[in-house]
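In: sequence plus predicted model, see below.
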Amino acid sequence: MSTALPDPACEMAHGAPPPFAETRTLVAVFASPVASYLLHFARDLGYATVLVDPADAQAVPALDPSFVDPTTDIVVTDHDRPELGSVLHLALRLPARWIGVMGSPRHPAPHVAALRDLGVADTDIARIHRPIGLNIGSRTPPEIAVATLAGLIADRNARPGGFTW
């Protein structure tokens, strides 16, 4: 007879409720196909979700301290928008747990120049993650959203992601 304690993750996989409800918020910045899937899947993962886009009447127009706290992950889903620098500059002043910008590592990171133009220090710019998500070869918006969320979960749980256990 085994005297091992039950594994909470295994118990939850079999339908047991989580031992505590962790507060998590995901803010997707800029309406995009990836943002749509990101917010949809994040709700299934227990995140409260917010879409921020000054150009989208159905979205919240700007980042705001009322919904960004130390449990908030901010994902910028379009690195070509002219307001990229100002949005990230504001994000860096908020108490978000994690800030990232989507983009291929094969291309220059436009947020760096945009933030430097605003006088943001390199140490603050370094807080912004890019690329984001796990490297699973994702190409479609739903795959990119899954990779991004998997990366956020790995980071939140202090895990490297991938198949390194």
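Out: Alright, I've got the coordinates.
In: next up, the contacts around Pro70.
Out: Pro70 makes contact with Pro95, Ala96, Arg97, according to CB atoms under 8 Å, 6 or more residues apart in numbering. C-betas here are computed from N, CA, C, even on glycine.
In: how about a cut-off of 6 Å?
Out: Pro95, Arg97 (CB atoms under 6 Å, 6 or more residues apart in numbering).
In: and for Val68?
Out: Leu94, Ala96.
In: Trp98 now?
Out: Contacts of Trp98 by CB under 6 Å, 6+ apart are Asp73.
In: swap in 10 Å and give it another go.
Out: The neighbours of Trp98, taking CB atoms under 10 Å, 6 or more residues apart in numbering as the test, are 26, 71-75, 127-129, 132, 151-152, 155-156.
In: what does Ala147 give?
Out: Neighbour list for Ala147: Pro131, Ile132, Gly133, Leu134, Asn135, Ile136, Gly137, Ser138, Gly161 [criterion: CB under 10 Å, 6+ apart].
In: are any of the residues you listed buried, and which?
Out: Neighbour counting over the contacts of Ala147 (16 or more other CB atoms under 10 Å) leaves Pro131, Ile132, Gly133, Leu134, Ser138, Gly161 as the buried ones.
In: just name the shakiest helix or strand of the chain by mean pLDDT.
Out: Within the chain, no helix or strand scores below helix 8-13, which has a mean of 73 by mean pLDDT, DSSP states H and E.
In: circling back to that earlier point, in ChimeraX, select just the buried ones from the contacts of Trp98.
Out: Listed next is the ChimeraX selection for buried residues among the contacts of Trp98, using 16+ other CB under 10 Å:
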select :26,71,72,73,74,75,128,129,132,151,152,155
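In: nearest to Leu39, of the contacts of Trp98?
Out: Of all those, Leu39 sits closest to Leu26, with 7.0 Å by CB to CB.
In: show me what the helix or strand where the closest one lies is packed up against.
Out: Taking DSSP states H and E as the criterion, Leu26 maps to strand 25-29. With contacts defined as 3 or more CB pairs under 10 Å, 6 or more residues apart in numbering; DSSP states H and E, the packing partners of strand 25-29 are helix 33-44, strand 48-52, strand 72-76, helix 84-93, strand 98-101, helix 141-156.
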